[in-house]
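Asker: A predicted structure for the sequence below; I have some questions about it.
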Number of protein chains: 2
Amino acid sequence: MPSLSVLPPKCLQKPLLVPHRHMFGPGPSNVPSRILEAGANPVIGHMHPEIFEIMNDIKSGVQYMFQTQNNMTLAVSGTGHTAMECAIFNTVESGDSVLTAVNGIWGERAAEMAERIGARVNTIVAPPGGFFTNAEIEQALSKYRPVLFFLAHGESSTGVLHPLDGIGQLCQRYNCLFLVDAVASIGGAPLHMDQQGIDILYTGSQKVLNAPPEKNVYIGPIGIRKSKPVSFFLDLNWLANYWGCDGKPSRVYHHTGPVTAFFSLRESLAVLVEEGLENSWERHQKVAEYFHTGLESMGLKLFVKEKKARLPTVTTIVAPHGYDWKEITSYIMKTHNIEISGGLGPSVGLVLRVGLMGCNSSKANVDMVLGALKDALKHCHKSKV
Amino acid sequence: MPSLSVLPPKCLQKPLLVPHRHMFGPGPSNVPSRILEAGANPVIGHMHPEIFEIMNDIKSGVQYMFQTQNNMTLAVSGTGHTAMECAIFNTVESGDSVLTAVNGIWGERAAEMAERIGARVNTIVAPPGGFFTNAEIEQALSKYRPVLFFLAHGESSTGVLHPLDGIGQLCQRYNCLFLVDAVASIGGAPLHMDQQGIDILYTGSQKVLNAPPEKNVYIGPIGIRKSKPVSFFLDLNWLANYWGCDGKPSRVYHHTGPVTAFFSLRESLAVLVEEGLENSWERHQKVAEYFHTGLESMGLKLFVKEKKARLPTVTTIVAPHGYDWKEITSYIMKTHNIEISGGLGPSVGLVLRVGLMGCNSSKANVDMVLGALKDALKHCHKSKV
């Protein structure tokens, strides 16, 4: 047996130190200790009856959060991007026509994912901060005849809440699946999956749900594709069985589910159920309006002009003229221990982004952020850029 | 605004209850409170300097655990299957020849994954409990000229520890990448990635590492494929940048890393560093031998005939003649609060599987399992099958 060629690293001989921070960026948001503690419960088996019970509770909570009766409800063992790819891999085949609405980074990424598996992808594009009318969407559906239409409900890169009414019905008319990204919006803005005719919906755990970023929920149809999806791990036929969605009497081992992440996800859904979905929507809307008024009274401008299209969870502020936005976010982190962020993708350099989601959505936190912004504008260098 | 069509589920109004259990199946294993507590630290940003530091610590710990200087070391944000697909998606293109060694479920699954992305897959097959000689492997390499050869080091479905010496050199001679699955073996049995000529290696967090099942580590080369992999999320060019492996000065947002899973993974690597890799290998080997002797002195038979090919982490016992194996595992769970399991894939019905991994690998736990097995053989029905 040879001796070790790589010695034990010294860095791991120091204890783990994690700072406490106000997580007011576009996500992840702060996780209440109640949810962190749930995730620190002892590990049980990924096929034990108790975990199936917890997974059933998660299903019920997600159906409530999404307002759907769709039995094909499950949590993908991965990130928001995993859920996105799960949705696309299970509905699109090589050569299929796909349409994505691009008004920020998420439409771009959905297009890239569909392209990678050989779809013919077309896009409709709106400038950052903009959105699409139903007439524009219908025109594109009629022109490209896609099998799948992707739309971000909450465009976290630009702060846009996209109107949803009527689009599901359009998709139905053109025999097209309607896929909606609700990562940044779910629980913070009204959404009625069934009534709005949404076929496939996914979200993330680390936004309004205030769970650690590692578990993402997904609903969608199965049995659409003729061929097997490119990913075994994300094959919805397997996942549906593991989540008890396929009506079969027994569950077959597919992968080792992240049981502790199920614990924290269940707890975060319990918190949402306690408050009530409509109360949560209303709180996020009120806090956002209070925040927006405060920003405008400081002389700052909101990036999204139309009020009804402002995402209540993530606010985009026009990057203050004459300042280096990076200096502002760094100053606020260093001086106030608060994370806010700059733009992402097409909004880089154009905006500051502030996320107040789930337990972070409160007037007290708005006051804290407004105070930090005022302080930063006073102390950061003007005309540096 | 329509009113809610799905009401708050009653099941989420009850508190989460998670039983304590001895997790002596093939994984997940018990997670020490030290690691659970690390994972309950507050969430910080996935792009904060502190998380990059923690990710660097993880890289160092994994390089030590794998015995490699390979800088392309990272933890995939997902399950062991995600790491498998990451390895295959980033090294195989449609039409490529791939060879997998099938002596249990993992070779079968690797074959299926490669087939789904259009590879021409050939297999060499050994019966459950068996393994391959280097001559057999060379013959297949020479015949199929694959770009990738897959082998499971620890075949958890059959309890086989596959010999590794010389295979990397064979692969090199045939210009083939050597991909090794070390999910069940790493930290519990000697492995020297660089010296053994392994090109790509992945493992899981929930076995010897005793971290929750949600984070999986992976090492491999980039820049091999000509076309983009089918998965954006698992594109190694993006992942390498997020993990600071590509030498670029700044990291670009790819996905929201599961920061709390990074905390617990770092802690589990710190535990391994504290004990020392060679001590951990030795402890698992000694405990396994003690266990195997105890089983044989009870009259039970080990499924893997050849001593040196017995996996020290997961022991397979020939299913006791005349008993229903399911009655045995259920009895032990109900009466002793211990998880042991039956077979998986090709070993279903043939074996009982007992995993003693990481902190679970101790003579005291062996005595506990032996006691439970004796009790079960006494109380379960004979000749039921």
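Answerer: The structure has been received and is ready for your questions. Numbering: from 1, shown residues only, chains lettered A, B, ... in the order given.
Asker: every contact and neighbour count from this point should use C-alpha atoms.
Answerer: OK.
Asker: how about low-confidence regions in the stretch 151-300 of chain A?
Answerer: A:215-216, A:221-224 (pLDDT under 70).
Asker: what about 80?
Answerer: Scanning the stretch 151-300 of chain A for pLDDT under 80 picks out A:214-226.
Asker: the residue nearest the centre of chain A: what secondary structure?
Answerer: Centroid check for chain A by C-alpha atoms, centre = their mean gives residue A:183 as the closest residue, at 1.8 Å. Taken by DSSP: H, G, I helix; E, B strand; the rest coil, the conformation at residue A:183 corresponds to coil.
Asker: how about residue A:75?
Answerer: strand.
Asker: how is chain A divided into domains?
Answerer: A:22-28+A:277-379, A:33-274 (automatic domain parsing).
Asker: in CSV, list those along with distance to residue B:157.
Answerer: Converted to CSV, the domains of chain A look like this (distance: least, C-alpha to C-alpha, whole Å):
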stretch, distance to residue B:157
domain A:22-28+A:277-379, 37
domain A:33-274, 12
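Asker: which of those domains sits most buried?
Answerer: Stretch with highest mean neighbour count among these: domain A:33-274 (a mean of 22; mean count of other C-alpha atoms under 10 Å in any protein chain shown).
Asker: where does residue A:227 land in three-state SS?
Answerer: Following three-state DSSP, we place residue A:227 in the coil state.
Asker: contacts only, for the closest residue to it other than its chain neighbours.
Answerer: Spatial nearest neighbour of residue A:227, excluding adjacent residues (C-alpha to C-alpha, 6 or more residues apart in numbering or on different chains): residue A:93 at 7.6 Å. The contact partners of residue A:93, by C-alpha atoms under 8 Å, 6 or more residues apart in numbering or on different chains, come to A:117, A:118, A:119, A:225, A:227, A:229.
Asker: how near is the last one to residue A:301?
Answerer: So the one you mean is residue A:229. 45 Å (C-alpha to C-alpha, to the nearest Å).
Asker: separation between the nearest residue to residue A:140 once chain neighbours are set aside and residue A:130?
Answerer: The shortest distance from residue A:140 to any non-neighbouring residue, by C-alpha to C-alpha, 6+ apart, is to residue A:124 (7.3 Å). To residue A:130, residue A:124 is 12 Å away according to C-alpha to C-alpha.
Asker: show me the helices in chain A, by range?
Answerer: Ranges of helices within chain A are A:33-39, A:49-66, A:80-89, A:105-116, A:134-144, A:167-173, A:236-242, A:259-275, A:277-297, A:325-336, A:363-379, based on DSSP state H.
Asker: so for the first one, what's the average pLDDT?
Answerer: Mean per-residue pLDDT for helix A:33-39: 96.
Asker: do the same with the fourth one
Answerer: Averaged over helix A:105-116, pLDDT sits at 97.
Asker: before we move on, what about the second one?
Answerer: Helix A:49-66 shows a mean pLDDT of 96 in the predicted model.
Asker: which residues touch that helix?
Answerer: Taking C-alpha under 8 Å, 6+ apart as the rule, helix A:49-66 contacts A:44-45, A:69-70, A:73-75, A:186-187, A:191-193, A:217, A:243, A:259, A:262-263, A:265-266, A:269-270, A:273, A:277, B:6-9, B:11-12, B:18.
Asker: likewise for the fourth one?
Answerer: For helix A:105-116, contacts defined as C-alpha under 8 Å, 6+ apart pick out A:84-85, A:88-89, A:92, A:98-102, A:120-123, A:150-152, A:155, A:157, A:344-346, B:228-232.
Asker: residue A:208 is in contact with residue A:30, correct?
Answerer: No - taking C-alpha atoms under 8 Å as the definition, residue A:30 is not a contact partner of residue A:208, at 9.6 Å.
Asker: joint contacts of these two?
Answerer: With C-alpha under 8 Å, 6+ apart, residue A:30 and residue A:208 have common neighbours residue A:359.
Asker: any idea how far the residue nearest to residue A:208 when sequence neighbours are not counted lies from residue A:346?
Answerer: Leaving aside its sequence neighbours, residue A:208 sits nearest to residue A:358 (C-alpha to C-alpha, 6+ apart; 4.0 Å). From residue A:358 over to residue A:346 the distance is 26 Å, taken as C-alpha to C-alpha.
Asker: likewise for residue A:382?
Answerer: Residue A:382 sits 24 Å away from residue A:346, going by C-alpha to C-alpha.
Asker: again with residue A:137
Answerer: 21 Å.
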